[in-house]
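Novice: Give me a model of this one.
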Amino acid sequence: MSRSFEGRVRGLGTAHEGLHHWTAQRLTAVANIPLIAVSLLLLCKASKGGYEGAVAYIGQPLVVAWFALTLVVACYHAALGLQVVIEDYVSGKGAKFALLFLVRFLAALGAVVGLASLISLL
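Specialist: Residues are numbered from 1 along each chain as shown. All right, here's what the predicted structure looks like:
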């Protein structure tokens, strides 16, 4: 089924896309459990070496890649969850569109700024 121009702009499609959203939200939730747990362990290990030691430890390519993956998955999961809340509780079309745009923009901005910070450690 093709979507209208407005539907493509808003990222809203036919009712058949709800399963994809639901699945993506659940998969990112499950993925966040080990990602965040290991990230916390890595941060604890990094904190034992003082500031310079922590920067050197976190600046290792595999650690940067792990944190980058965690950041992207967490930002995407947050955007999906907030989208559901906005769609369920905001009634005005204009307000809903503005909030959905803002959530997606801030999630993307957070991911880009976080990734840039991580890349600067390499």
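Novice: got the contact list for the residue nearest the centre of the chain?
Specialist: Residue closest to the average C-alpha location in the chain (Cα atoms, centre = their mean): Cys75, at 1.3 Å. Cys75 makes contact with Ala107, Ala108, Gly110, Ala111, Gly114, according to Cβ atoms under 8 Å, 6 or more residues apart in numbering. C-betas here are computed from N, CA, C, even on glycine.
Novice: any low-confidence regions in this structure?
Specialist: 1-16 (pLDDT under 70).
Novice: run the last query once more with 80
Specialist: 1-18 (pLDDT under 80).
Novice: any idea where the strands of it begin and end?
Specialist: For the chain, no strands are identified by DSSP state E.
Novice: And the helices in it?
Specialist: 5-10, 18-47, 50-58, 61-89, 93-120 (DSSP state H).
Novice: And the contacts of Cys75, which is closest to Gln60?
Specialist: Taking Cβ to Cβ as the measure, Gln60 sits nearest to Gly114 out of those, at 17.1 Å.
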